[in-house]
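Visitor: following is a predicted model, sequence given first.
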Amino acid sequence: VQLQASGGGLVQAGGSLRLPCAAHGITFSSHGVGWFRQAPGKERVFVAGITWSSSSTNYADSVKGRFTISRDNAKNTVYLQMNSLKPEDTAVYYCAAARRGSANWDYWGQGTQVTVSS
């Protein structure tokens, strides 16, 4: 099983990025998916999540109204659209997947660096 996060890069404040998380070896449509981020010297924190059925999404307060999580089951990919980026959004972003009914995040991607300049 492999989760591949990509799409990171350097962007100016106010800009946008879209991060794909592609799954290999599992069927994303039967998994809840989350995005997390870890800034230098800080713990990894939750950013956004989407249920396996796509019936529900939730976001950290710090990104509400700016980030959107969505999924394309045909491509086995979940996306994190990030708009109005701020320097404090700078971090390594990770995606994770949880099997339906699981209380834990069962699989993790390798992370992609997002740097927002002021």
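Guide: On my side now, so go ahead.

Visitor: so what's residue 104 closest to, chain neighbours aside?
Guide: Excluding its sequence neighbours, the residue lying closest to residue 104 (CB to CB, 6 or more residues apart in numbering) is residue 98, at 6.5 Å. Bear in mind the C-beta positions are built from the backbone N, C-alpha and C, glycine included.

Visitor: so that neighbour is in which element?
Guide: Element membership of residue 98 [criterion: DSSP states H and E] is strand 91-99.

Visitor: ok, and what's touching that strand?
Guide: Identification of contacts with strand 91-99 by CB atoms under 8 Å, 6 or more residues apart in numbering yields 3, 5, 8, 19, 21, 23, 26, 28, 30-40, 42, 44, 47, 78, 80, 104-114.

Visitor: can you turn the buried part of these into a ChimeraX selection?
Guide: In ChimeraX, selecting the buried portion of those, with burial taken from 16 or more other CB atoms under 10 Å, looks like this:
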select :3,5,8,19,21,23,26,28,31,32,33,34,35,36,37,44,47,78,80,105,107,108,109,111,112,114
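
Visitor: re earlier: and the strand holding residue 98, which strands flank it?
Guide: Sheet pairing of strand 91-99 (DSSP bridges) gives strand 31-38 (antiparallel), strand 107-108 (antiparallel), strand 112-117 (antiparallel).

Visitor: what comes up buried for that strand?
Guide: Going by 16+ other CB under 10 Å, strand 91-99 has these buried residues: 91, 92, 93, 94, 95, 96, 97, 98.
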